[in-house]
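S.K.: All I have is the shape, not the residue letters:
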């Protein structure tokens, strides 16, 4: 571990204290986990504390852990993962928070802390169904407004539930049940030793 990562680890432990649930170092990156009830205050500490000064939110995404580790995952199903950058100190941190309720995943919104979180949170809501408390415009951003379900959840069917097409008789787009027959694609394996050699 480099001295820079040691300094970052010490600064995170010092600034967050009891709000820090866990801290891990892997592949030269620091990942911290905070509890959902501490999420908003911990993120503000990360932004405002002079030793940390993470002034930029680079990314925020949802994660569905329901099949993580070949289905042996026993923790909460949904998490929100954020990547923060401190330009002043030239370091990064990954922050993970788990939604306490799998049926209705809710975490605090970061749009008042970092306005760039707006569209990221809308995407996490659209794809995973994660609700962000305090978000003033939480609506779909990439799927159609009439879309049913959240397509990045592990239990969402690969072919979806409905398909849409333009009906020339009705002169509008209509929704109908999926008509694609499910099938398994088996990759073709080439076993000829001299294949492609002239």
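M.R.: Arrived safely, thanks for sending. These figures come from a predicted structure and were not determined experimentally.
S.K.: where do the strands sit along the chain?
M.R.: 20-26, 29-34, 56-64, 78-86, 91-98, 106-108, 131-133, 162-167, 172-177 (DSSP state E).
S.K.: okay, the ones you listed in CSV with mean pLDDT, distance to residue 5 and mean neighbour count next?
M.R.: In short, each C-beta sits where N, CA and C put it, glycine included. Formatted as CSV, these follow (pLDDT from 0 to 100; distance: least, Cβ to Cβ, whole Å; neighbours: other Cβ atoms under 10 Å):
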stretch, mean pLDDT, distance to residue 5, mean neighbour count
strand 20-26, 92, 6, 13
strand 29-34, 95, 6, 18
strand 56-64, 96, 18, 18
strand 78-86, 96, 13, 21
strand 91-98, 96, 8, 20
strand 106-108, 96, 27, 20
strand 131-133, 96, 30, 18
strand 162-167, 82, 48, 12
strand 172-177, 83, 51, 10
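S.K.: Rebuild these as CSV, extending it with distance to residue 121.
M.R.: CSV is the format used below for the strands of the chain (distance: least, Cβ to Cβ, whole Å):
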stretch, distance to residue 121
strand 20-26, 21
strand 29-34, 17
strand 56-64, 6
strand 78-86, 8
strand 91-98, 12
strand 106-108, 9
strand 131-133, 5
strand 162-167, 25
strand 172-177, 27
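S.K.: right, so of the ones you listed, which gets closest to residue 117?
M.R.: Closest of the strands of the chain to residue 117 is strand 56-64, at 5.5 Å (criterion: Cβ to Cβ).
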